[in-house]
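From the sequence below, what's the structure:
(one chain, ligands or ions: 3)
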Amino acid sequence: MTNPSLLILPGDGIGPEVMAEVRKIIDWIGDKRGVTFDVSEDLVGGAAYDKHGVPLADETMAKAQEVDAVLLGAVGGPKYDDLDFSVKPERGLLRLRKEMDLYSNLRPAQCFDALADFSSLKRDIVSGLDIMIVRELTSGVYFGEPRGIFEENGERVGINTQRYTETEIERGARSAFELAMKRNKRLCSMEKANVMESGILWREVVTRVGKDYPEVELSHMYADNGAMQLVRAPKQFDVIYTDNLFGDILSDCAAMLTGSLGMLPSASLGAPMANGRPKALYEPVHGSAPDIAGEGKANPCACILSFAMALRYSFDMGDEADRLEAAVEKVLADGVRTGDLSNEEGVKPVSTSDMGDAVIAALNANL
Ligand code: NAD
Ligand code: IPM
Ligand code: MN
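Residues are numbered from 1 along each chain as shown. Ligands and ions are numbered 1, 2, ... in the order given. Below you'll find the model as predicted:
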């Protein structure tokens, strides 16, 4: 049997720092659990631009199409702010998502009890929270045409187009309903059908797909109300299904329910490959955090938990994923935290690398 294959794209800023901690876990699984991954590493984002003049080389794209899963750190940073739009670091990530056709982006937000006081909301509102945002990832206003900056009546106009086909809405909806079936069987779809035609179609298609899942309690909410409800009473939700842009915003918002953006993992899944597993890319929800990059301060948990999602969804290693998530929870409960989850009176911050070592120690303790 061939080894499972992984392409690692650390990217920019804190990307390489948090990915180094995932590497420790990959090595640990090889040593202690007898599963050796074929790991290759390559460049994406600003790092790829620096070497190749593009944020994702064609060879890297081709490799991403071949492996069982891609792990990505983060892309972007102020150094690249003035680049032409077509070669900005973020375009590399968007190309991966689009060409791998990763239409279903799972962004779970779980509040570990030990972190409930770090949320900007009251403990009661967030403790025990466990929701899943499913963000449509390959269409909508991120990719719709026409787009660009044009001259019109002597001034410039910036245009982006929200566009969704029924097929696009439907396939993401199916993945969200399937997840709801494995969870608490509640799905809330969010759009703005009150002002957008694409929202009207979204609501119609999701309702139609819902007929195939009679056990799932389906509700609809305007996305602005959804943002408010997410902050007012987030535990009312189980699975949320929403479009590309609303999903981007709502998931950052959900991050603060967990205590830190440094806690939120994600899985971007596409159609099944020959091995029956979905095409997949795993990445933390956070970005390259230029304000703390290079200082060893980044929280690696989001990236580590993204790897746990890879174990579950790409490698059929659900037990190992559970163990890894439990190890992260244990370390946090023991008060080992990076700066984003520390405070002066209480917990003293540890470095990114110490945090990774603590997760390894917790894994060893629970062999
Ligand atoms: P960001 O997520 O990089 O940072 C927002 C804030 O959260 C910062 O204060 C940062 O220090 C903090 N933060 C983020 N991750 C953290 C972690 N793991 N540990 C501790 N603190 C953390 O968002 P931004 O500042 O708006 O964007 C910076 C760059 O990252 C931009 O170029 C943006 O386009 C890019 N970005 C990339 C991705 C990605 O690669 N998937 C996602 C979001 C933003
Ligand atoms: C995210 C990021 C990306 C997005 C950027 C970096 C392209 O914010 O993954 O949440 O907008 O999707
Ligand atoms: Mn985002």
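
Where do the strands of the chain begin and end?
5-11, 38-41, 69-74, 104-110, 130-136, 144-152, 155-161, 186-191, 217-222, 239-242, 267-272, 278-282 (DSSP state E).

can I get these in TSV with mean neighbour count and mean pLDDT?
Every C-beta, even on glycine, is put in place using the N, C-alpha and C of the backbone. Formatted as TSV, the strands of the chain follow (neighbours: other CB atoms under 10 Å; pLDDT from 0 to 100):
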stretch	mean neighbour count	mean pLDDT
strand 5-11	24	98
strand 38-41	14	98
strand 69-74	28	98
strand 104-110	24	97
strand 130-136	24	98
strand 144-152	10	97
strand 155-161	10	98
strand 186-191	25	98
strand 217-222	17	98
strand 239-242	28	98
strand 267-272	20	97
strand 278-282	24	98
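
Would you mind giving those strands as TSV with distance to residue 120 added?
Output for those, formatted as TSV (distance: least, CB to CB, whole Å):
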stretch	distance to residue 120
strand 5-11	27
strand 38-41	36
strand 69-74	22
strand 104-110	14
strand 130-136	17
strand 144-152	33
strand 155-161	30
strand 186-191	21
strand 217-222	22
strand 239-242	20
strand 267-272	26
strand 278-282	27
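
So for ligand 1, which of these sits nearest?
strand 69-74 (3.8 Å; CB to the nearest ligand atom).

hmm, that closest one touching ligand 2?
No - using CB under 6 Å from any ligand atom, strand 69-74 stays clear of ligand 2, with a minimum separation of 7.8 Å.

Hey, what's the angle from the longest helix anywhere in the chain to strand 5-11? Just curious.
Of all the elements of type helix in the chain, the one with the most residues (DSSP state H) is helix 15-33. Angle, helix 15-33 to strand 5-11, by axes from the mean of the first three to the mean of the last three CA atoms, to 10 degrees: 150 degrees.

Using PDB, list the CA coordinates for helix 15-33.
C-alpha atoms of helix 15-33 as PDB (Å, rounded to 0.1, in the frame of the first residue of the first chain):
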ATOM      1  CA  GLY A  15       2.200  30.400   8.200                       C
ATOM      2  CA  PRO A  16       5.700  28.700   8.300                       C
ATOM      3  CA  GLU A  17       5.700  29.200  12.100                       C
ATOM      4  CA  VAL A  18       2.500  27.400  12.800                       C
ATOM      5  CA  MET A  19       3.200  24.800  10.100                       C
ATOM      6  CA  ALA A  20       6.400  23.800  11.900                       C
ATOM      7  CA  GLU A  21       4.300  22.600  14.800                       C
ATOM      8  CA  VAL A  22       2.100  20.500  12.500                       C
ATOM      9  CA  ARG A  23       5.300  18.900  11.100                       C
ATOM     10  CA  LYS A  24       6.100  17.800  14.700                       C
ATOM     11  CA  ILE A  25       2.700  16.100  14.800                       C
ATOM     12  CA  ILE A  26       3.100  14.400  11.400                       C
ATOM     13  CA  ASP A  27       6.500  13.000  12.600                       C
ATOM     14  CA  TRP A  28       4.900  11.900  15.900                       C
ATOM     15  CA  ILE A  29       2.200  10.000  14.000                       C
ATOM     16  CA  GLY A  30       5.000   8.300  11.900                       C
ATOM     17  CA  ASP A  31       7.000   7.300  15.000                       C
ATOM     18  CA  LYS A  32       4.300   6.400  17.400                       C
ATOM     19  CA  ARG A  33       1.300   5.400  15.400                       C
END
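
and it, which residues are buried?
15-26, 28-29 (16 or more other CB atoms under 10 Å).

now the strands of the chain as CSV including distance to ligand 1?
CSV is the format used below for those (distance: least, CB to the nearest ligand atom, whole Å):
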stretch, distance to ligand 1
strand 5-11, 6
strand 38-41, 16
strand 69-74, 4
strand 104-110, 11
strand 130-136, 12
strand 144-152, 18
strand 155-161, 16
strand 186-191, 20
strand 217-222, 25
strand 239-242, 17
strand 267-272, 10
strand 278-282, 10
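
Looking at these, spot the one closest to residue 171.
Evaluated with CB to CB, these place strand 104-110 nearest to residue 171, the distance being 7.4 Å.

How far off centre is that closest one?
6 Å (CA atoms, centre = their mean, to the nearest Å).

Which strands or helices does that strand pack on?
With contacts taken as 3 or more CB pairs under 8 Å, 6 or more residues apart in numbering; DSSP states H and E, strand 104-110 sits against strand 130-136, helix 166-182, helix 244-255, strand 267-272.

Next, format the ones you listed as a markdown table and append distance to residue 319.
Compiled in a markdown table, those are given as follows (distance: least, CB to CB, whole Å):
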| stretch | distance to residue 319 |
| --- | --- |
| strand 130-136 | 19 |
| helix 166-182 | 16 |
| helix 244-255 | 27 |
| strand 267-272 | 18 |
